[in-house]
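Enquirer: give me the fold of what follows.
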Amino acid sequence: MIKNSEHKRSSEILKNNYIGYLSYISGNRPYTIPITYYYNDEENYIICYSGNGHKIRSMRRHTSISMTVTDIYSNNKWQSVMVHGQYKEAEGSTSKLYLHEFSLGIKNLVLKKEHKDLDYISQFSSKTFNMETPIVFLLNIDDITGKVKS
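Expert: Model (predicted):
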């Protein structure tokens, strides 16, 4: 675990973004993909959702996952956070509650950062067009590390 001031700075980076790079293992190979997320800093977990496919099947088998979030201002001024944790799939009404929390969190963040008022989840994620029921999952955080280059 990182020190308090570093943890606070890393939490701020996570709270102020909604696109990260999720890493997981499939077979003997690592995969890293961009993903929309919402960070609940009070409860210390990250909410994501996806259709049932390669990523979900892989994370069900190998539950240790990580996610990286970066703020890049220039080649010599950037911040990054890496979160390590465990995949946990939400089910039933709990899944709907997490998806609602995710939607409201992203909507508020987009309004704050980009001054856009979104009405529906489909406005910030194309996944909903082809999916009947999304698979909602948490990254239960074990530790957070951060780096600032300025």
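Enquirer: list the contacts for Tyr39?
Expert: Ser11, Leu14, Lys15, Tyr45, Ile46, Gly105 (CB atoms under 8 Å, 6 or more residues apart in numbering). Any C-beta I mention is one placed from the backbone N, CA and C, and that applies to glycine too.
Enquirer: that one belongs to a helix?
Expert: No - Tyr39 is assigned strand when assessed by DSSP: H, G, I helix; E, B strand; the rest coil, not a helix.
Enquirer: quick one, phi/psi of the spatially most central residue of the chain?
Expert: For the chain, the residue sitting closest to the mean C-alpha position, by CA atoms, centre = their mean, is Tyr37 at 3.1 Å. Tyr37 adopts backbone torsions of phi -140, psi 160, taken as degrees, to the nearest 10.
Enquirer: between the contacts of Tyr39, which is nearest Leu99?
Expert: Taking CB to CB as the measure, Leu99 lies nearest Gly105 of those, at 10.6 Å.
Enquirer: gap between the helix or strand where that closest one lies and the chain center?
Expert: Following DSSP states H and E, one finds Gly105 within helix 92-114. Its chain's C-alpha centre and that of helix 92-114 lie 12 Å apart, by CA atoms, centre = their mean, to the nearest Å.
Enquirer: list the buried residues for that helix?
Expert: Ser95, Tyr98, Leu99, Phe102, Ser103, Gly105, Ile106, Lys107, Leu109, Val110 (16 or more other CB atoms under 10 Å).
Enquirer: which non-adjacent residue is nearest the first one?
Expert: Across the structure, with CB to CB, 6 or more residues apart in numbering as the measure, the residue nearest Ser95 apart from its sequence neighbours is Val136 (4.4 Å).
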